[in-house]
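> Whatever this is, show me its structure:
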Amino acid sequence: MGFKEDADFARFVSVGAVGTAAVADCLRADFAHRPIELERYAMANKVWQTKIKRLRLPDLLCVRCGLRVESRAKSKLKIMLSHSDAPGRQWDAGGMRGEDLFAFLLADIDRDPPRCGPVIFFSMDALRSSVAYAKRSSPKAASEGSEVTLTWPCWVPAKRGQFVAVDDEGRIVFKGADGRVQRYWQWKNWTDQRSVYSKPGERFQGGDKVLAGVVEREPNPVCPGDSWDLAVALGSSDDVERYAAVKAAGVLGLREHVDVLSRVSEDGLVDWRIRLEAQVSLARLQPDHWVGKIMKEITDPRTGVDQQMEAVLAIAELPDDAAADALAEIAALSGLPSELRAAAAWGLGQGEARKPEMLLDRFVDPESLVALHAIAAVDEISKDLLHKLVAWLAGGDAIKAPTAAQLLQRHRCVDALLNAAETEGNTRLLALRALGELPPALVRSLAEGRLTPDIEDALLPMWLGQEDWLRQDGKEGLAALDVQK
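Numbering: from 1, shown residues only. The predicted model follows:
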């Protein structure tokens with residue numbers, strides 16, 4: 001899969017990530033839960049090619065009561081779940097118990113910032129009791145596991161309005177935006193099992209709320225408080241329960257469980273993913289010792305690449321200098337797979353222990369995958385990093401100078417680029433090109449009167465190119481037509 005396919009897939013993943021984050025916010029703000037990400041990367045849309053065979057886990061876990069929540073965000077809201085008849089791939093597999101919740105919501109990522117609709121929760125038991133009414137789609141290809149979708153009947157109003165009531169004839173009465181009273185009678189054809197999920201007078205936006213359906217709604221998913229016995233869960237024979245407890249113990253910083261976590265981390269009979277998570281939890285408590293142990297497994301040639309990758313992603317979640325040092329070391333090890341090194345670079349820019357200044361050498365890494373991830377991972381340039389990039393630009397190195405110009409442009413360091421544009425040779429030309437690719441209004445605003453007529457004359461042809469449709473939208477079309485001549 002190339003970067004374009006990555007971007008297309010990332011868009012699909014983004015809907016899920018944005019939705020899961022919204023569900024976590026809802027659980028926290030409205031129901032007093034303390035949710036964490038149980039399924040790693042459930043709230044991230046970064047696409048990696050290394051396939052990690054993870055445990056099948058719900059997206060979120062409340063570390064107070066142990067509730068598990070699976071988020072199902074949709075660009076078009078439905079009560080829909082994927083299913084396969086293969087063992088472990090059924091819609092209700094994956095570590096969800098009867099009392100655990102599925103959360104459905106609309107996620108619109110075409111807006112900036114993305115917008116999510118209200119969350120509606122259904123318990124696993126409620127979905128199971130109504131699964132006979134779910135419509136089963138045609139199966140996908142065998143290469144995709146012959147997967148189908150199960151869609152429970154529901155009504156999502158297409159236009160905004162206000163719920164009124166269910167009348168004596170069993171019809172849903174609602175008011176449209178124009179105040180006109182309307183009735184939705186089609187739901188009577190679904191089944192005798194029907195529920196309305198709104199209260200009289202409740203307003204809704206078009207397409208963002210499930211107003212009625214055949215699944216019994218979870219009435220009030222309020223957290224009961226600190227009711228989860230972690231000590232018991234850490235000794236559970238169920239892998240998901242044990243994994244969840246191991247992760248929660250680290251996030252909560254509970255040192256009384258260090259001995260148990262240590263035993264789990266060294267138990268050869270335990271699934272490697274649970275052992276790794278025990279090491280990560282211990283690293284939250286004793287980073288100097290346990291980050292080093294995780295590093296040894298990553299650099300051990302006997303460790304599988306999927307285990308290496310999961311360990312790198314886990315280290316990036318640790319908010320400690322030891323984690324940043326480990327990521328910098330991994331990113332620099334040329335003997336490791338390039339995507340593993342790229343993941344370490346990404347963690348230095350996007351992880352919990354962000355140290356973008358440690359990425360300097362990775363900006364010009366011989367492997368382009370690593371260099372691109374390092375460049376893209378940086379969100380903010382520190383003063384120290386800025387000085388080093390300016391020195392690179394002035395140094396004239398064939399790789400470092402244009403890389404520095406690109407980074408200064410990405411982070412809108414107009415003042416530094418203007419300084420370089422006032423010099424001579426390639427340094428001036430690279431700085432002018434970088435300025436010419438920025439919006440003119442932005443450059444003029446940040447330049448604060450420093451734009452000389454000489455520099456503005458040099459930038460004008462490039463700025464005109466930004467308005468030339470044949471150099472923008474039409475460029476790809478012309479290339480496609482030229483191939484056909």
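> Met43 sits in which helix or strand?
Assessed by DSSP states H and E, Met43 sits outside every helix and strand.
> any idea how far it lies from Gly207?
Between Met43 and Gly207 the computed distance is 23 Å (C-beta to C-beta, to the nearest Å). C-beta: built from backbone N, CA, C; applies to glycine.
> More neighbours: which of those two?
Counting neighbours by other C-beta atoms under 10 Å for Met43 and for Gly207 shows that Met43 has the greater number, 21 against 17.
> From what I see, that one and Asp25 are in contact.
No. With contact defined as C-beta atoms under 8 Å, Met43 does not count as touching Asp25 (10.4 Å).
> Between the two ends of stretch 76-89, how far is it?
Taking C-alpha to C-alpha, to the nearest Å, stretch 76-89 runs 24 Å from one end to the other.
> go on, stretch 155-174?
13 Å.
> Name the residues of that stretch that are buried.
155-157, 161-164, 166, 171-174 (16 or more other C-beta atoms under 10 Å).
> and those as CSV, adding distance to Ile109 and secondary structure?
Formatted as CSV, the buried residues of stretch 155-174 follow (distance: C-beta to C-beta, whole Å; DSSP: H, G, I helix; E, B strand; the rest coil):
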residue, distance to Ile109, secondary structure
Trp155, 24, strand
Val156, 18, coil
Pro157, 22, coil
Gly161, 25, strand
Gln162, 27, strand
Phe163, 27, strand
Val164, 32, strand
Val166, 34, strand
Arg171, 35, coil
Ile172, 30, strand
Val173, 33, strand
Phe174, 28, strand
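> So which of these is the closest to Glu241?
Val156 (34.6 Å; C-beta to C-beta).
> What helices and strands are in contact with the worst-scoring helix or strand of the chain on mean pLDDT?
Within the chain, no helix or strand scores below helix 3-31, which has a mean of 84 by mean pLDDT, DSSP states H and E. Judged by 3 or more C-beta pairs under 8 Å, 6 or more residues apart in numbering; DSSP states H and E, helix 3-31 is in contact with strand 35-37, strand 60-62, strand 68-74, strand 101-108, strand 115-116.
> What are the buried residues along it?
13-24, 26-27.
> before we move on, the earlier item: pick the one among the buried residues of stretch 155-174 closest to Ala245.
The closest of those, once distances to Ala245 are taken by C-beta to C-beta, is Val156, at 37.1 Å.
> Check the residue lying closest to that closest one once chain neighbours are set aside and give its pLDDT.
The shortest distance from Val156 to any non-neighbouring residue, by C-beta to C-beta, 6 or more residues apart in numbering, is to Leu77 (4.9 Å). pLDDT, Leu77: 94.
> go on, Gly145?
Value for Gly145, per-residue pLDDT: 56.
> cool, and Trp91?
89.
> Quick check: it touching Met80?
No. Applying C-beta under 8 Å, one finds Trp91 not in contact with Met80, separated by 9.7 Å.
> Mutual contacts of these two, please.
Residues touching both Trp91 and Met80 (C-beta atoms under 8 Å, 6 or more residues apart in numbering): Leu150.
> ok, so of the buried residues of helix 3-31, who is nearest Gly201?
Nearest to Gly201 among the buried residues of helix 3-31, with distances taken as C-beta to C-beta, is Cys26, at 21.3 Å.
> What sits closest to that closest one if chain neighbours are left out?
Val119 (4.6 Å).
> show me the contacts for the one you found.
22-23, 26, 103-105.
> now with 6 Å?
23, 26, 103, 105 (C-beta atoms under 6 Å, 6 or more residues apart in numbering).
> So it versus Leu101, what's the distance?
Taking C-beta to C-beta, one finds Val119 at 10 Å from Leu101.
> Kindly give the local confidence score, pLDDT, for the spatially most distant residue from the centre of the chain.
Each residue of the chain has a distance to the centre, and by C-alpha atoms, centre = their mean the biggest one is for Asp168: 46.3 Å. At Asp168, the model reports a pLDDT of 87.
> Which of the three states applies to it?
Following DSSP: H, G, I helix; E, B strand; the rest coil, the label given to Asp168 is coil.
> Now do the phi/psi pair for it.
Reported as degrees, to the nearest 10, the phi and psi values for Asp168 are phi -60, psi -20.
> Identify all contacting residues around stretch 235-242.
Contacts of stretch 235-242 (C-beta under 6 Å, 6+ apart): 95, 233, 271, 274.
> no, scratch that, I was asking about stretch 201-210
With C-beta under 6 Å, 6+ apart, stretch 201-210 has contacts from 106, 117-118, 120, 154, 156, 158-160, 162-163, 197.
> Can you list which of the contacts of stretch 235-242 are found in helices?
Judged by DSSP state H, helices contain the following of these: 233, 274.
> So which of the contacts of stretch 235-242 is the closest to Ala421?
Ile274 (56.2 Å).
> okay, now that closest one: neighbour count?
Neighbour tally, Ile274, other C-beta under 10 Å: 21.
> Kindly report the same for Leu393.
There are 28 residues near Leu393, going by other C-beta under 10 Å.
> What is the subsequent helix or strand relative to the host helix or strand of it?
Taking DSSP H and E as the definition, Leu393 sits inside helix 383-395. For helix 383-395, the following helix or strand on the C-terminal side (DSSP H and E) is helix 400-410.
> ok, then the element right after that following helix?
Following helix 400-410 in sequence, per DSSP H and E, is helix 414-421.
> Flag every buried residue along that next one.
Buried residues in helix 414-421 (16+ other C-beta under 10 Å): 414, 416-421.
> Off-centre distance for the helix or strand following it?
Downstream of helix 414-421, the first helix or strand assigned by DSSP H and E is helix 425-436. Averaging C-alpha positions (C-alpha atoms, centre = their mean, to the nearest Å) puts helix 425-436 36 Å from its chain's average.
> For Asp226, give me phi and psi.
phi -80, psi 80.
> Distance of the closest residue in space to it that isn't next to it in sequence relative to Met96?
Counting by C-beta to C-beta, 6+ apart, Arg64 is the residue found nearest to Asp226 once chain neighbours are left out, at 5.2 Å. As judged by C-beta to C-beta, Arg64 and Met96 stand 18 Å apart.
> next one: Lys383
49 Å.
> Between those two, which is the more surrounded one?
Met96 (21 against 8).
> returning to what we had before: out of the contacts of Val119, which is nearest to Leu333?
Closest approach to Leu333 among the contacts of Val119 (C-beta to C-beta): Val23, at 37.5 Å.
> Do I have it right that the closest one meets Ala73?
No. The criterion here is C-beta atoms under 6 Å, and Val23 misses it with Ala73 at 7.8 Å.
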